[in-house]
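Trainee: Have a look; sequence and predicted model below, questions after that.
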Amino acid sequence: MGYRAMFWMAGCTLLTLISLAGTARALTESELAGTGWETTLEPFFRSGIRFDFQGADGLPLTGVRFPNGSATDTVLFLPGFSEPWLKYIELLHELHRNGFEVLSYDHRGQGTSPRLARSNPDAVHLVRFEDHRSDLKQFLESVASKRKIHVLAHSMGGAVALDLIENPPSSLFSAQIGHLVLNAPMLAIRTEPFPRPLARVITSFLVTIGLGERYAPTKGPRDPGRPFEANRGTSSPVRYAFEQKLAGWFPERWVGGPTNAWVKAALEASSRIAGDFSRISRPVAMLVPTEDHYAAPEELVRICETHRSRCSSFTMEGSRHEIFAETDSHRNRAIQTVLRTLKNPLQNPVHQRK
């Protein structure tokens, strides 16, 4: 390696350390298992300002704002399928401590927002995935921020963000939304034990014969007693147990599995959004967990590399799908990547392994 390359690498390392020098330390798993909720997260949770806004069809939805008087930037966090924003209170707290005003909301059909399947209210139901895009548009209109709003999204939330960026309703949102950081965006859904094309055929048929509000094959109600070993989202027993505690304290915010109509709409939308990736005009940072049971990591990397002029993929070795609820080692790498991207946006998208 030449001297110039060595100096360049040393300079990049120094800049990274400087950018993270002011990063507030995250809670550890041992702290979370101890008094982390009582002493840190619950007071922060109670400080959030709840507000209602209307989805595009008039559906009342619920948002939350965590003001930060010293913030110069705002981060909007979009959770994934079936998840209330409360599940990510630890992440929202870290963003806030690191100098950001934080926003989030519960997607239609989940969290504190209204359930949509009248005959099966515990299930997550949807007819048109585009309704999520319209809800995000309405949310941005309701907060009317003069600052850029950076979007951090997980799984389904990433697909919602990309759908709006690919189909901007006006120049307002192109200017209002800043950086996009997405973890395992819902562009390559894993449908085991069925191949994806067969899953589309099955759910389309079930919707056609009037079973759209029934649970999709292999899905069902939420099991509050599900053991850690049966979960596929995280390899952290501590953070899994913390989610179970939250669900016990706030059971009205948790829901069951998807309906046939939801799966049909999600499969159609993920294919469409992945196909329209070239319409995105701003850099996207994509975290790709390698042990993901819900999104196909190799497909996500391929999508990102196909559009490398606007997408940087960061492969998170050994992490499962829910990287913001993972073990300390996996989670800290992800958080550092998120903060570094938000504070020092990417200029030349690349593929990196973490």
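Mentor: Yep, it's here. Residues are numbered from 1 along each chain as shown.
Trainee: Could you give the number of residues near the closest residue to residue 99 other than its chain neighbours?
Mentor: Nearest non-adjacent residue to residue 99, counting by CB to CB, 6 or more residues apart in numbering: residue 71, 5.8 Å away. Bear in mind the C-beta positions are built from the backbone N, C-alpha and C, glycine included. For residue 71, the count of nearby residues is 17 (other CB atoms under 10 Å).
Trainee: Check what pLDDT residue 71 gets.
Mentor: What the model reports as pLDDT for residue 71 is 89.
Trainee: Phi first, then psi, for it.
Mentor: phi -80, psi 140 (degrees, to the nearest 10).
Trainee: right, and it touches residue 100 too?
Mentor: Yes - contact criterion CB atoms under 8 Å: residue 71 and residue 100 qualify, at 5.5 Å.
Trainee: Strands along this structure, start to end?
Mentor: Ranges of strands in the chain, per DSSP state E, are 49-54, 60-66, 73-78, 100-105, 149-154, 177-183, 284-289, 311-316, 351-353.
Trainee: export these to a markdown table and tack on distance to residue 329 and mean neighbour count?
Mentor: Listed next are the strands of the chain as a markdown table, based on distance: least, CB to CB, whole Å; neighbours: other CB atoms under 10 Å:
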| stretch | distance to residue 329 | mean neighbour count |
| --- | --- | --- |
| strand 49-54 | 34 | 13 |
| strand 60-66 | 27 | 19 |
| strand 73-78 | 22 | 24 |
| strand 100-105 | 24 | 26 |
| strand 149-154 | 19 | 25 |
| strand 177-183 | 16 | 24 |
| strand 284-289 | 13 | 26 |
| strand 311-316 | 10 | 23 |
| strand 351-353 | 15 | 12 |
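Trainee: Now render the ones you listed as CSV, adding distance to residue 255.
Mentor: Shown next, in CSV, are the strands of the chain (distance: least, CB to CB, whole Å):
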stretch, distance to residue 255
strand 49-54, 19
strand 60-66, 14
strand 73-78, 17
strand 100-105, 15
strand 149-154, 16
strand 177-183, 21
strand 284-289, 23
strand 311-316, 27
strand 351-353, 35
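Trainee: Lowest mean pLDDT across the ones you listed, which one is that?
Mentor: strand 351-353 (a mean of 64).
Trainee: what sits against the most centrally placed residue in the chain?
Mentor: Most central in the chain under CA atoms, centre = their mean is residue 154, positioned 1.4 Å from the mean C-alpha point. By CB atoms under 8 Å, 6 or more residues apart in numbering, the contact set of residue 154 is 77-80, 83, 88, 182-184, 322, 324.
Trainee: can you rerun that using 7 Å?
Mentor: Residue 154 is in contact with 79-80, 183, 324, counting by CB atoms under 7 Å, 6 or more residues apart in numbering.
Trainee: List just the nearest of those residues to residue 232.
Mentor: The nearest member of the contacts of residue 154 to residue 232, counting by CB to CB, is residue 80 at 13.4 Å.
Trainee: From residue 99, how far out is that closest one?
Mentor: 25 Å (CB to CB, to the nearest Å).
Trainee: Compare these two and say which one has the larger neighbour count.
Mentor: residue 80 (27 against 18).
Trainee: Thought residue 158 was touching that one, still the case?
Mentor: No - Residue 80 is beyond contact range of residue 158, at 8.0 Å (criterion: CB atoms under 7 Å).
Trainee: And the helices in the stretch 101-250 of the chain?
Mentor: 130-143, 156-166, 171-176, 196-208, 237-249 (DSSP state H, counting those that start in this stretch).
Trainee: Now tabulate those helices in CSV and tack on distance to residue 59 and mean pLDDT.
Mentor: CSV is the format used below for the helices of the stretch 101-250 of the chain (distance: least, CB to CB, whole Å; pLDDT from 0 to 100):
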stretch, distance to residue 59, mean pLDDT
helix 130-143, 8, 93
helix 156-166, 15, 95
helix 171-176, 20, 58
helix 196-208, 21, 98
helix 237-249, 24, 98
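Trainee: looking at the ones you listed, which is buried most?
Mentor: helix 156-166 (a mean of 25; mean count of other CB atoms under 10 Å).
Trainee: which residues in the stretch 251-354 of the chain form helices?
Mentor: Under DSSP H, counting those that start in this stretch, the stretch 251-354 of the chain gives helices at 260-275, 297-306, 328-343.
Trainee: from the contacts of residue 154, which is closest to residue 165?
Mentor: The closest of these, once distances to residue 165 are taken by CB to CB, is residue 183, at 16.3 Å.
Trainee: Check the gap between the closest one and residue 318 for me.
Mentor: Relative to residue 318, and taking CB to CB, residue 183 is found at 15 Å.
Trainee: Kindly report the same for residue 125.
Mentor: 34 Å.
Trainee: Name the residue in the two with the higher neighbour count.
Mentor: Each of residue 125 and residue 318 has its neighbours counted (other CB under 10 Å); residue 125 has more, 26 against 14.
Trainee: Report the residue spans of the stretch 251-354 of the chain with pLDDT below the cut-off.
Mentor: 345-354 (pLDDT under 70).
Trainee: do that again at 80, thanks
Mentor: The stretch 251-354 of the chain contains residues with pLDDT under 80 at 344-354.
Trainee: Thanks again, I'm all set now.
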